[in-house]
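J.: Dropping a prediction and its sequence here:
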Amino acid sequence: MNIFSKIFKFYYEGFRSMTLGKTLWMIILIKLFIMFAVLKVFFFPNFLSSKGDTKAEKADYIATEMEKRTINN
C-alpha cells in the first residue's frame, strides 16, 4: 500500500471514531474563522489603499517611508 494512502487511512479512521474530538475541532475552526475573517475586517483596514490609486503611487509611498525610517535610525 502507498505511504500516502496509509497516512490518509490512519487519520480517516482516527477522526471517524472521535466523539468529543469532533466538537473540539469544530470549536477550533470557528475560532480560526472569527480570528481571520471577522477581526481582519474591523481591526486591519487596507491602509495602503488610502495612499494611492495605482500600484506605482503605492510603491512610491512605501519607498519614501522606508527612506525616512532608514535616515532616522
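T.: Arrived safely.
J.: what's the single longest helix in this protein?
T.: Taking DSSP state H as the criterion, the chain has its longest helix at helix 55-72.
J.: List of residues touching that helix?
T.: Helix 55-72 has contacts (C-beta atoms under 8 Å, 6 or more residues apart in numbering) with 48, 51, 52. C-beta here means a position set from N, CA and C on the backbone, and glycine is covered the same way.
J.: ok, and for it, which residues are buried?
T.: Residues of helix 55-72 classed as buried: none (neighbour count, 16 or more other C-beta atoms under 10 Å).
J.: How far off centre is that helix?
T.: In terms of C-alpha atoms, centre = their mean, to the nearest Å, the gap separating the centre of helix 55-72 from the centre of its chain is 25 Å.
J.: okay, that helix in PDB with CA atoms only?
T.: Extracted as PDB, the C-alpha positions of helix 55-72 are listed here (Å, rounded to 0.1, in the frame of the first residue of the first chain):
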ATOM      1  CA  LYS A  55       0.500  50.400  -7.800                       C
ATOM      2  CA  ALA A  56       3.100  53.000  -8.700                       C
ATOM      3  CA  GLU A  57       1.800  55.500  -6.200                       C
ATOM      4  CA  LYS A  58       1.600  52.900  -3.500                       C
ATOM      5  CA  ALA A  59       5.200  51.800  -4.300                       C
ATOM      6  CA  ASP A  60       6.400  55.400  -4.200                       C
ATOM      7  CA  TYR A  61       4.800  55.900  -0.800                       C
ATOM      8  CA  ILE A  62       6.400  52.700   0.600                       C
ATOM      9  CA  ALA A  63       9.800  53.700  -0.800                       C
ATOM     10  CA  THR A  64       9.700  57.200   0.700                       C
ATOM     11  CA  GLU A  65       8.500  55.900   4.100                       C
ATOM     12  CA  MET A  66      11.400  53.300   4.100                       C
ATOM     13  CA  GLU A  67      13.900  56.100   3.200                       C
ATOM     14  CA  LYS A  68      12.600  58.300   6.100                       C
ATOM     15  CA  ARG A  69      12.800  55.500   8.600                       C
ATOM     16  CA  THR A  70      16.300  54.500   7.400                       C
ATOM     17  CA  ILE A  71      17.600  58.100   7.700                       C
ATOM     18  CA  ASN A  72      16.200  58.500  11.200                       C
END
